[in-house]
Structure formats: C-alpha cells, structure tokens
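**Q** Pasted the sequence and its predicted model underneath.
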Amino acid sequence: MEASNRKLIRPSLAEAKEQISARRNNHANNKKKAPPPEHTNAENFYYLKQMQTRTPMVLVLRDGETVYGTIEWYDKSCLKLARTNEPNLLIYKPNIKYMYKAER
C-alpha cells in the first residue's frame, strides 16, 4: 500500500468559536417564544359589532345589578348604554362583571 500524504484540515480556533456561538444563539432563540401582544383589539371588535347591529345587551355589574340596553359608544374606560324608556347610562368598565347578548 502506498502511503499518501493527507493534509489534515482543521478550522482555525476563531472559526470554531464562531460556529459554537452561532449554534448557541440559534438554540437559545428557538427556546424563547415571543410574548403575546399586549393589545389584541378583540374587545374593540366586539363592541363595534354590537354597536353596528344594535344588539340588545345585558350587563351584570359587580354589585349584582342587571342593566339592559344597547351599546351606543365606548372608550378606554367606559361604555355608554342606550336604553328605551329609561335614561342612558355611562358605565365604567371596571364596574362590569360580565355582559352577554339579550334574547330577543
């Protein structure tokens, strides 16, 4: 058998360190998920839909009181509830326990 001169190819130390750090960064980035968005605008879409269709709503307040009406407008902190044969109400959102569509 003939002995051949094989040249051993070694990456330089700097190249090896770059490859290792690149692998670590990719691995670390794959583990971390992006945090969910702070605002999904789902609440805004819901209010707009109910306003456009003038859906009768039932709002149950924190103190147990039930209020009926349609959402006329809303902002960051409150809802304006339009009611028939009764005065309209401006209700702060923190006072609302939950709400649902009234049966027609």
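**A** Done, it's in. Numbering: from 1, shown residues only.
**Q** So which residues of the protein form helices?
**A** Applying DSSP state H to the chain gives helices spanning 13-31, 42-53.
**Q** Comparing these, which yields the minimum mean pLDDT?
**A** Across the helices of the chain, helix 13-31 has the smallest mean pLDDT, namely a mean of 73.
**Q** Centre-most residue in this protein?
**A** residue 40 (3.7 Å; Cα atoms, centre = their mean).
**Q** Which one of the helices of the chain lies nearest to residue 97?
**A** helix 42-53 (15.4 Å; Cβ to Cβ). For every residue, glycine as well, the C-beta is placed using N, CA and C.
**Q** tell me which residues in the closest one are buried?
**A** Using 16 or more other Cβ atoms under 10 Å as the test for burial, helix 42-53 gives 47, 50, 51.
**Q** by contact count, what packs against it?
**A** For helix 42-53, the packing partners by 3 or more Cβ pairs under 8 Å, 6 or more residues apart in numbering; DSSP states H and E come out as strand 66-74.
**Q** Adjacent strands (with direction) for the strand it packs on?
**A** Its sheet considered, strand 66-74 pairs with strand 57-61 (antiparallel), strand 78-82 (antiparallel) by DSSP bridges.
**Q** Deepest in the core, which of those is it.
**A** The highest average neighbour count among those, using mean count of other Cβ atoms under 10 Å, belongs to strand 78-82 at a mean of 18.
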